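*Asks:* Turn this into a structure:
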Amino acid sequence: MSKRRNSNNKLYLVFLVIALLFYIVYYGTSFGKYLNSNTSDNISNVNTTSSISSEDITSTTSLVNENTTGNIRVHYIDVGQADSEFIELPNGESILIDAGETEDGELVTNYIKSLGYTKINYVIGTHPHEDHIGGMSYVLNNFDFDNIYMPNATTTTKTFENLLDTIASKNKTITEGKAGVYLINQSDLKAYMVAPVSSSYSDLNSYSIVLKITYKNKSFLFMGDATKLSENEITDDVSSDVIKVGHHGSSTASGPSFVVKVKPSIAIISVGKDNKYNLPSSDVIKRWEKVGAKVYRTDENGTIIVTSDGNSLDVSTEK
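*Replies:* Coordinates of the predicted model:
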């Protein structure tokens, strides 16, 4: 009786082992296929952009809400015949340079909000012209902000006075923007002003704050409406990989010697379509192209985004 029971137990154990092996092989393989399938799907759904090393660019109609961890991402917002740039820094902070004309305030605000921001760390009004600071009051009324920089230049326009009132209502103090002022000074990330150099000019454009940002091995230069006079006064190293061309591509900026000093691979012009000033100047475009720059224009490309991990550059355009 006991021998038959032991035999039955052995058969039961053999059957159990065989069933267990079958389960592992069948379901393990199925799970592996499921995992690989989902991983493949995830990869295929990632939005990618091509490197600027190619002559071709990647155009996309979905320019926001991408992961920027470890990257600097600069948004050259299409505000027509005006200027506005929003910069997402790799340290999690942000910079706003100008906010277009008065009617652009809502557009700039909505764009920044669509990126998930409720606060701006550094705000720069490059100079007190309406096409640069017009929308700034609206923006500042919709975001918390830490620091605001403007040059030591004044005007009697209602736009400028409204901006001063808005800043005062937020209990903020304006820091003078001029050469030598640092926003950020870290080992691999720096943001500092290289102009204006002088304390007085006859042209408000010459007061423009010129900001340079370096991240690891890549650098960005933002010219505002700085004139040739201002360009010639700059003593800092202006060589950069990307430049926001001064004064909407006007011949009042982008002097030949300055263009050679910068020698960027990307030159971006913020300009309105069919504007009454006939900008950008064809001579200015040729000047930047002559030093090897790929020229992008907001009137032709819409909003332009340049992303960098500090070693490479990627460009996305709205159109």
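*Asks:* Residue 155: what's it in contact with?
*Replies:* 128, 204 (Cβ atoms under 8 Å, 6 or more residues apart in numbering). C-beta here means a position set from N, CA and C on the backbone, and glycine is covered the same way.
*Asks:* 33 is where my numbering starts, stick with that
*Replies:* Yep, numbering from 33; the last one is residue 187 now.
*Asks:* Three-state assignment for it, please.
*Replies:* coil (DSSP: H, G, I helix; E, B strand; the rest coil).
*Asks:* Show the backbone phi and psi for it.
*Replies:* For residue 187, the backbone dihedrals (degrees, to the nearest 10) come out as phi -150, psi 170.
*Asks:* Quick check: it vs residue 134, distance?
*Replies:* According to Cβ to Cβ, to the nearest Å, residue 187 and residue 134 sit 15 Å apart.
*Asks:* Quick test: name the residue nearest the centre of the chain.
*Replies:* residue 106 (0.9 Å; Cα atoms, centre = their mean).
*Asks:* quick one: the helices in the stretch 33-182 of the chain?
*Replies:* Counting by DSSP state H, counting those that start in this stretch, the stretch 33-182 of the chain has helices at residues 34-76, 137-146, 162-165, 168-172.
*Asks:* comparing those, which gets the lowest mean pLDDT score?
*Replies:* Of all the helices of the stretch 33-182 of the chain, mean pLDDT reaches its minimum on helix 34-76 (a mean of 41).
*Asks:* quick one, phi/psi of residue 333?
*Replies:* Dihedral angles (degrees, to the nearest 10) for residue 333: phi -100, psi -10.
*Asks:* Please enumerate the strands of the stretch 233-351 of the chain.
*Replies:* Assigned by DSSP state E, counting those that start in this stretch, the strands in the stretch 233-351 of the chain fall at 242-247, 250-254, 274-276, 298-301, 326-329, 336-340, 345-349.
*Asks:* Turn the ones you listed into JSON lines, columns for mean pLDDT.
*Replies:* Putting the strands of the stretch 233-351 of the chain into JSON lines (pLDDT from 0 to 100) gives the following:
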{"stretch": "strand 242-247", "mean pLDDT": "98"}
{"stretch": "strand 250-254", "mean pLDDT": "99"}
{"stretch": "strand 274-276", "mean pLDDT": "98"}
{"stretch": "strand 298-301", "mean pLDDT": "98"}
{"stretch": "strand 326-329", "mean pLDDT": "98"}
{"stretch": "strand 336-340", "mean pLDDT": "98"}
{"stretch": "strand 345-349", "mean pLDDT": "98"}
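*Asks:* could those be laid out in JSON lines, adding mean neighbour count and distance to residue 308?
*Replies:* Compiled in JSON lines, these are given as follows (neighbours: other Cβ atoms under 10 Å; distance: least, Cβ to Cβ, whole Å):
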{"stretch": "strand 242-247", "mean neighbour count": "24", "distance to residue 308": "26"}
{"stretch": "strand 250-254", "mean neighbour count": "24", "distance to residue 308": "25"}
{"stretch": "strand 274-276", "mean neighbour count": "27", "distance to residue 308": "22"}
{"stretch": "strand 298-301", "mean neighbour count": "26", "distance to residue 308": "16"}
{"stretch": "strand 326-329", "mean neighbour count": "20", "distance to residue 308": "16"}
{"stretch": "strand 336-340", "mean neighbour count": "23", "distance to residue 308": "23"}
{"stretch": "strand 345-349", "mean neighbour count": "22", "distance to residue 308": "25"}
